[in-house]
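Peer 1: here is my input; please provide its structure:
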Amino acid sequence: MEIISYTPTELKVLIESELYKKLEQIPISYHRAISHIQNPAVQDDDELLWAAYENEKLTGYVGVLPNYIVENQVRNKTYWLSCFWVDEKYRKENVASLLFFSLIKRCGKQLIVSNFLPNLEKMYLSIGIFKPTFYKTGSQFFCKSCFHNILPVRFPKIRFIKPLLKFGDWIINVLLFFRKMFFKPLNINSVIAVNSNFDDEFQAFLQLLNKNRNYIERFSAHFNWIIKYPWVLQGKQDKESKRYFFSSKSEQFCYDSVKFYQNCELKAFLLLKIRDKKLTVSFIFSEDEMLDDVAAYILRKVRNEKLIMLTVFDDRISNKIRNHRIQYIFERLIKRAYILPKTLNITPDIFQEGDGDNVFT
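Peer 2: I've put the predicted structure just below:
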């Protein structure tokens with residue numbers, strides 16, 4: 001068994017190599033690798049990926065996403081765990097441990113873990129370099145009935161009634177359509193600009209909102225990178241995308257970069273992610289007085305594009321949406337777990353939904 005780590009330069013060599021072309025399973029998709037290389041927080045000596053091979057067969061891999069956190073005006077390098085996979089045939093051969101401890105040796109005291117499998121939590125905490133698990137609560141607002149997609153996944157034994165569930169969804173959604181016909185559209189008092197122009201004005205706006213606060217470092221370059229180098233491409237699954245275990249393609253995947261102006265001054269910013277009719281508020285920068293307009297824009301988009309679900313981790317926006325109960329069927333509270341290093345005096349309160357790799361997936 002051989003474990004190879006990849007810096008940005010080495011990662012570029014890998015995805016252009018003959019080995020990469022002939023692997024049945026690949027450790028990273030081509031466009032995801034390019035995104036890692038273009039990450040404005042990455043340095044030449046950062047190790048981004050560790051892959052385990054046996055006779056040129058991929059047996060597992062683990063990867064990280066470099067980022068910076070500003071704490072008490074000190075810039076700290078961090079690494080988000082972004083993928084961890086081991087071939088089922090090799091799970092009894094200690095591959096996971098070898099990969100994990102290669103990762104910990106390089107960036108353990110700077111590692112942030114989120115969206116992990118529950119059965120791995122004890123392994124992370126047993127190392128002694130992490131704080132106890134933190135949780136952050138968000139909301140999922142179901143705006144259309146989609147039980148035929150949800151229930152068979154949670155309860156595989158009822159897959160045979162999926163056509164019946166689909167018909168039930170159709171009936172409910174027709175009734176919802178007629179109910180919403182009598183709903184007066186929400187007013188928006190701001191001038192809206194949907195664009196990806198992250199210029200000096202935008203940068204000054206971010207700095208103003210984050211002044212004298214600990215925050216995840218987010219500059220114009222950060223948002224340019226997200227928009228230009230996605231990890232998921234829009235399109236149908238194909239032979240190439242099936243070589244990668246994690247998401248590489250999705251039938252619908254796009255971002256909306258939305259700015260709100262009043263009196264020609266930038267007052268709020270949203271970065272929305274839409275994937276397969278599900279909208280996520282990845283980033284929001286806004287003073288409280290702008291939240292009515294922000295929530296109205298989000299709900300208008302959900303309605304106009306007939307989206308199924310809305311995910312929000314900002315309590316201010318969730319509270320505004322709850323004031324418009326007619327706009328959704330029901331709300332489900334969700335929790336996101338975070339495991340943070342003891343070396344940083346931070347809590348998940350400084351994170352937005354899109355921090356780490358969430359905005360990319």
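
Peer 1: show me the shaky parts of the chain.
Peer 2: Within the chain, the stretches with pLDDT under 70 are 72, 147-154, 170, 173, 175-183, 211-215.

Peer 1: which helices and strands does the one helix or strand Ala33 maps to pack with?
Peer 2: According to DSSP states H and E, Ala33 maps onto helix 30-38. Using 3 or more Cβ pairs under 8 Å, 6 or more residues apart in numbering; DSSP states H and E, the elements in contact with helix 30-38 are helix 8-15, helix 220-228. Where you see a C-beta, it was placed from the backbone N, CA and C, and this is true even at glycine.

Peer 1: please, which helix or strand holds Ala337?
Peer 2: Assigned by DSSP H and E, Ala337 falls in strand 330-339.

Peer 1: so what are the sheet partners of that strand and their directions?
Peer 2: Strands that pair with strand 330-339, judged by DSSP bridges, come out as strand 111-114 (antiparallel), strand 134-142 (antiparallel).

Peer 1: okay, now the domains of this structure?
Peer 2: 2-130, 138-360 (automatic domain parsing).

Peer 1: how about these in a markdown table, adding mean neighbour count?
Peer 2: Output for the domains of the chain, formatted as a markdown table (neighbours: other Cβ atoms under 10 Å):
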| stretch | mean neighbour count |
| --- | --- |
| domain 2-130 | 17 |
| domain 138-360 | 16 |
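
Peer 1: that older thread, now tell me what touches the helix holding Ala33 from outside.
Peer 2: 8, 11-12, 14-15, 28, 42, 48-49, 63, 65, 225, 228-231, 233, 244, 248, 360 (Cβ atoms under 8 Å, 6 or more residues apart in numbering).

Peer 1: re earlier: just give me how far the strand holding Ala337 sits from the chain centre.
Peer 2: Counting by Cα atoms, centre = their mean, to the nearest Å, strand 330-339 is centred 14 Å from the centre of its parent chain.

Peer 1: ditto for stretch 233-247
Peer 2: Stretch 233-247 sits 17 Å away from the centroid of its parent chain (Cα atoms, centre = their mean).

Peer 1: which parts of the stretch 101-250 of the chain are strands?
Peer 2: Remark: strands assigned in the stretch 101-250 of the chain by DSSP state E, counting those that start in this stretch are 111-114, 134-142, 191-194, 215-216, 233-234, 249-250.

Peer 1: will you turn the ones you listed into CSV that also has distance to Gln38?
Peer 2: Listed next are the strands of the stretch 101-250 of the chain as CSV, based on distance: least, Cβ to Cβ, whole Å:
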stretch, distance to Gln38
strand 111-114, 21
strand 134-142, 28
strand 191-194, 23
strand 215-216, 18
strand 233-234, 15
strand 249-250, 19
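
Peer 1: which one of these lies nearest to Leu164?
Peer 2: Nearest to Leu164, of all the strands of the stretch 101-250 of the chain, is strand 134-142, at 19.1 Å by Cβ to Cβ.

Peer 1: can you list the residues that contact that closest one?
Peer 2: Identification of contacts with strand 134-142 by Cβ under 8 Å, 6+ apart yields 308-313, 318, 321, 327-340, 347-349, 351, 353.

Peer 1: repeat the analysis, applying 6 Å as the threshold.
Peer 2: Residues outside strand 134-142 that contact it (Cβ atoms under 6 Å, 6 or more residues apart in numbering): 309-313, 318, 328-338, 347-348.

Peer 1: fine, thanks again, bye for now.
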